[in-house]
Structure formats: C-alpha cells, structure tokens
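okay, sequence plus prediction incoming.
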Amino acid sequence: MSSGNSMRSPYGLQIIENCVICPHKESRLFCNLDSQALERLSEITSSATYPKGVTLFVEGQPSRGVFILCVGRVKLSTSAGDGRTLILRIAEPGELMGLPATLSGRAYEVTADVMEPTQANFIGRSDFLNFLREHGEAALRVAKELSEIYQAAFAEMRTIGLSHSAKEKLARFILDWSVQHPSDNGIIKLNLTLTHEEIAQMIGASRETVTRIFADFKKRKFLQVNGSSVTIKDKPGLERLLEET
C-alpha cells in the first residue's frame with residue numbers, strides 16, 4: 001500500500017491508503033490498534049473502490065474473507081425464494097462485513113450491495129484468522145463486533161415481529177435512525193438517504209404503505225421532509241404511536 005495519506009479516486013472519494021495513517025484511528029474497530037498490529041493489517045489488506053450498485057458478495061456464496069468499510073455505505077440484505085427482500089442493516093464506515101461467515105467458514109448469510117461510491121479493504125479468510133491468533137486485542141474487538149451484530153439482529157426481529165402495524169414499524173425505524181442525531185429544542189434533523197422501497201425492505205412493508213404513512217406523519221406534523229432531509233418536529237408524538245398499538 002502507498003505511504004501517502006490520501007488521494008482522490010475516479011469516484012471523487014478521499015481514499016484512505018494506509019491503515020497506519022488512517023485519519024479515523026480513534027473511532028473505528030481496527031483503526032486504533034497498536035502500531036505492530038496496524039502494520040500487519042496493512043500487509044494483509046487489499047484496497048479497492050466501488051461505484052454505486054456493485055455487489056461485494058452474495059448470500060449463499062462461499063466466504064472468501066472480510067471487507068472493512070472505509071468510506072461509503074453498504075446495504076446488507078437477505079432474500080426469499082419468491083423475490084422478497086429484507087434489508088437487515090446499513091453498514092457504515094469502520095464496520096466489518098462478512099465477519100460471521102468468515103469466522104465460521106460457512107457461506108455468506110447476506111448480500112452486500114454498495115449504496116454509494118465506496119472504499120472497502122479486503123482481507124482473505126486465512127490471513128484474517130491468523131491475524132486474530134497473533135493479536136489478542138483485535139480478537140477481543142471482533143468478539144465485541146459479533147455481539148453487536150447479534151444485538152442488531154435481535155432489534156430487527158423485535159421491530160418486525162412484535163410491532164402490531166406498519167405505522168408502528170415506521171415510527172420505530174425513524175426514532176432508531178435519529179438516536180445519533182442531537183436535538184435542538186426538541187427538533188431533530190437527520191439525513192435519510194434511503195428510498196421508500198429500501199425503508200419498506202427494512203421494516204417488512206410495501207413501498208406504497210411506507211409512502212402513505214410518511215404522508216400521514218407529515219399531515220400530523222410529526223415530520224417535515226425535504227428530499228433526503230428529515231426533520232422530526234414531534235418526537236413525543238412518534239413515541240406515542242409505539243404505545244397506542
């Protein structure tokens with residue numbers, strides 16, 4: 001890998017070329033390991049950039065290794081034989097994709113689709129397992145990551161399985177999405193770049209239902225929507241929907 005800090009890719013991304021000098025060391029899973037571990041990580045990692053729409057791996061495909069997401073977002077989904085798709089989560093920078101399958105040696109349990117121009121680093125399975133054997137701190141972080149994947153899957157099952165209506169599911173989805181955004185006098189602003197179809201695939205509803213409920217939420221002044229910008233104007237109102245159903 002190059003010793004430079006960053007460069008522009010054909011997709012306009014600010015590429016992170018070296019794990020050792022990654023500018024996000026303090027906030028990501030592997031980026032703030034000790035220098036020896038980071039050097040080894042750089043040696044076994046291959047980096048690539050991907051345009052929107054590329055598939056990194058497919059559900060049922062034999063696992064080859066893990067992808068570390070550096071820049072961009074990736075949709076992780078599962079599909080039924082009749083073509084229905086459920087989006088399990090959106091991977092954000094710093095996350096490992098394909099981790100459970102790589103550790104177990106089984107097939108990938110999800111499909112990973114690039115949602116926007118993205119940089120992801122790939123580590124082959126055998127190199128990754130050896131890296132974990134050599135660096136205990138990295139192994140502990142992977143164990144924590146597996147726990148968080150489990151918790152996220154449990155939360156998804158709770159939302160879909162225990163919610164009584166699509167309205168409750170969408171309210172819960174919006175509230176969960178807003179957790180990391182600060183409130184300014186009760187107003188929360190967030191950037192929701194998912195389409196209505198993608199949101200429907202995340203909550204187990206139809207696109208038409210999601211569109212209708214968004215219109216109802218706007219009419220009831222719970223939300224204000226301008227393109228991908230969503231302003232939650234009445235968070236208590238959304239929370240009451242969870243209690244009513």
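Done, it's in. Numbering: from 1, shown residues only.

the chain: helices as residue ranges?
Counting by DSSP state H, one finds helices in the chain at the ranges 35-44, 99-104, 125-134, 136-162, 166-177, 196-203, 207-219, 235-244.

any chance of the ones you listed in JSON lines, plus mean pLDDT?
As requested, the helices of the chain are exported to JSON lines (pLDDT from 0 to 100):
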{"stretch": "helix 35-44", "mean pLDDT": "89"}
{"stretch": "helix 99-104", "mean pLDDT": "95"}
{"stretch": "helix 125-134", "mean pLDDT": "96"}
{"stretch": "helix 136-162", "mean pLDDT": "81"}
{"stretch": "helix 166-177", "mean pLDDT": "89"}
{"stretch": "helix 196-203", "mean pLDDT": "90"}
{"stretch": "helix 207-219", "mean pLDDT": "94"}
{"stretch": "helix 235-244", "mean pLDDT": "86"}
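
so for residue 57, which of the ones you listed sits nearest?
Closest to residue 57 of the helices of the chain, according to C-beta to C-beta: helix 99-104, at 8.5 Å. The way it works is simple: take the backbone N, C-alpha and C, and place the C-beta from them, glycine included.

give me the contact list for that closest one.
Here helix 99-104 makes contact (C-beta atoms under 8 Å, 6 or more residues apart in numbering) with 63-66, 106-109, 125, 128-129, 142, 145-146, 149.

over to stretch 55-62?
By C-beta under 8 Å, 6+ apart, the residues outside stretch 55-62 that reach it are 50, 63-64, 67, 74, 77-79, 97-98, 107-114, 120.

now do 7 Å
Stretch 55-62 is contacted from outside by 67, 74, 78-79, 97-98, 107-114, 120, using C-beta atoms under 7 Å, 6 or more residues apart in numbering.

quote the end-to-end distance of that stretch.
Terminal residues of stretch 55-62 are spaced 15 Å apart (C-alpha to C-alpha, to the nearest Å).

state the number of residues packed around residue 200.
Using other C-beta atoms under 10 Å, residue 200 is surrounded by 23 other residues.
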